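> any chance you could fold what I've pasted below:
(chains A and B)
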Amino acid sequence: MGTAKLTFEDVALTVNVPQGTRIIEISEKVGSGITYGCREGECGTCITRVVEGMENLSEPSALETRVLKDNLAGRNDRLACQCQVLTGTVKVRPG
Amino acid sequence: MTRTGPIAPQAPHGPAEIAARVTWIGALDPDLRSFDIILKTANGTTYNSYLVRGSDGVAVIDTVKQEFTGAFLARLEQVARYDEITTLVLNHLEPDHTGAVPEFLARAPHVEICVSPRGVQVLRALLKDRFDDYKVRVVRTGDTVSLGDRTLRFLTTPYVHWPDTQCTYLEEQNLLFTCDLLGCHYCDGRLFNDAVGDFRFSFEYYFDHIMRPFKRYVGEALDLIEPLEIDMIAPGHGPVLRAHPRDYITHYRRLITKRLASETGDQKTLLVFYVSAYGATAQMAGAIYEGAAESDDVRVSLFDIEGGDVTPFIDLIEEADGLVFGTPTINGDAVRVVWDMLSSLVDIETKGKLGAAFGSYGWTGEAVAMVEARMQGLKMRVPEQGLRIKMHPTPAELEDCRDFGRRLAAHLAGRPMEREIDLSALLGS
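Got it, this is the predicted structure:
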């Protein structure tokens, strides 16, 4: 399995992660300010700003799309508990 | 806790007109003594609901807590028939304002329910499998509802104090319905701020416990409210503000304004708190302080927690950019005074602040990780792994502490050393 680079801008740290890793699996371990509520894609607490590499993330599910819309998320926002890093470089910060 | 108390003075037995064709149809709860667990009230509260009658429509603004549904419906029925009500505005969907919604909708299922975009999520949870039976309209800032010769205009004002909160402005009468914003827990049947007893303490106490953690969002709400002509403010709790309503808006602006901003200028502020049993954690604190203080961009302060009270420290923390907590590990835990401070931080906004932890230990040293976890729970970023030293620090370890302080200052100053690691290093840590 290949790797991808996931950068957490608020703690100035890049982690080389296996493709398919969800942001939630890493962000708390590195002390990022991305925070979680339900952890199941329903509450919108973990809305995260994708600073770079939006195209390298998995497509949002119908649930994530609805929750992003309900929470007035911007076009560069994703749910950290849902989206997976598929390839290349992705840079995020708390939304 | 509730108990039987005196009834509110001059409690209105029926609806009360607060402005032309605007009627209070809420409920009085003079016996309430503890609200949402987190705050007390010495003489209860009110659940304010209002009915607005236009030439071509009638709107109900918010409802009441479930146990007061009967009183609410009785007042409503004295001023309107259900079949002429066209609109239900829900400015906030917490149960004390929506408890009567199911019973109301059972009688007026035809109404259009106006909620904020985030209100829809809570409304779905409130109505459950009945949600699709009703007409729900998502409204945003600037959207209006016409009641003929009366117009309701919405202001999306999230996080004052839930994600769903909004305000509703009655254009022709310069009347603003604010729900929890600008409200307070004070029960007096005379309803108006110039008629009730002295409620100023309640007003500030309510702000401190409900709105203070959301100061940033209160500011954004005030940005929308301040340009409006305001003749009256009708909140969801406490007195209707008809005398000098602008003063309350000004007072809120004052309450959210940072006090220290002018003193620190562009400097970031870092507070180093510690408590020490044998002086080892104090030594670490001193060295971290020295390292951070080398930065010209950061104003660093050092405090022994045992020398101060929690409340003024909380005031200080609210305006700080970064917090460092030093605690020894005693009985496998951080010490009580540290937990007292960390638990009190729920009263302020900590999201995005920088946090770090350190401490000396004799055997196990769990306290540092516990404090870090709490800071993450407070939505803080914790960019540097906590520093733990067994027993008293050596000169080399004190230099590690200075480096720790330097790195924290660099993060605050926006010039951290970028790092790259493999996942395996992370899992091994």
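> within range of chain B, give me the residues from chain A.
Residues of chain A that fall close to chain B, judged by CB under 8 Å from any CB of the partner chain: A:5, A:10-18, A:21, A:26, A:28-33, A:35, A:44, A:70-72, A:94. For the C-beta atoms, the positions are set from N, CA and C on the backbone; glycine is no exception.
> are any of those residues buried, and if so which?
With burial judged by 16 or more other CB atoms under 10 Å in any protein chain shown, the buried subset of the residues of chain A next to chain B is A:5, A:10-17, A:21, A:26, A:28, A:30-33, A:35, A:44, A:70-72, A:94.
> which ones among those residues map onto strands?
Mapping those onto strands (DSSP state E) picks out A:Lys5, A:Leu13, A:Thr14, A:Val15, A:Asn16, A:Val17, A:Thr21, A:Pro94.
> farthest-apart pair in the residues you listed, please.
A:Asn16 and A:Pro94 (21.3 Å; CB to CB).
> which phi and psi does B:Pro312 have?
phi -60, psi -30 (degrees, to the nearest 10).
> how close does it sit to B:Phe303?
Computed as CB to CB, to the nearest Å, the B:Pro312 to B:Phe303 distance reads 10 Å.
> and these two? Which one has more around it.
B:Phe303 (16 against 9; other CB atoms under 10 Å in any protein chain shown).
> specify the beta-bridge partners of that one.
Note on B:Phe303: beta-bridge partners B:Phe273, judged by DSSP bridges.
> let me see the contact set for it.
B:Phe303 makes contact with B:Leu271, B:Val272, B:Phe273, B:Tyr274, B:Phe313, according to CB atoms under 8 Å, 6 or more residues apart in numbering or on different chains.
> so what touches stretch B:390-405?
Against stretch B:390-405 from outside (CB under 8 Å, 6+ apart): B:272, B:278-280, B:283-284, B:287-294, B:300, B:356, B:358, B:360-362, B:365, B:384, B:387, B:389.
> among those residues, name the buried ones.
B:272, B:280, B:283-284, B:287-293, B:300, B:356, B:358, B:360-361, B:365, B:384, B:387, B:389.
> show me the residues you listed that map onto strands.
Going by DSSP E, the strands hold B:Val272, B:Val300, B:Ala356, B:Phe358, B:Ser360, B:Tyr361, B:Leu387, B:Ile389 from the buried ones among the contacts of stretch B:390-405.
> B:Asn174 and B:Ile225 touch, don't they?
No: B:Asn174 is beyond contact range of B:Ile225, at 11.7 Å (criterion: CB atoms under 8 Å).
> and those two? Which one has more around it.
A count of neighbours by other CB under 10 Å puts B:Ile225 above the other of B:Asn174 and B:Ile225, at 23 against 15.
> for chain B, just list every one of the helices.
Per DSSP state H, chain B carries helices over the ranges B:69-77, B:95-98, B:101-107, B:119-127, B:200-206, B:215-225, B:245-256, B:261-264, B:280-293, B:310-318, B:336-344, B:367-377, B:395-412, B:423-428.
> turn those into TSV, columns for mean pLDDT.
Shown next, in TSV, are the helices of chain B (pLDDT from 0 to 100):
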stretch	mean pLDDT
helix B:69-77	96
helix B:95-98	96
helix B:101-107	97
helix B:119-127	92
helix B:200-206	93
helix B:215-225	97
helix B:245-256	96
helix B:261-264	66
helix B:280-293	98
helix B:310-318	90
helix B:336-344	95
helix B:367-377	96
helix B:395-412	98
helix B:423-428	83
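> looking at the ones you listed, which is buried most?
Mean neighbours per residue, mean count of other CB atoms under 10 Å in any protein chain shown, is largest over the helices of chain B for helix B:280-293, with a mean of 23.
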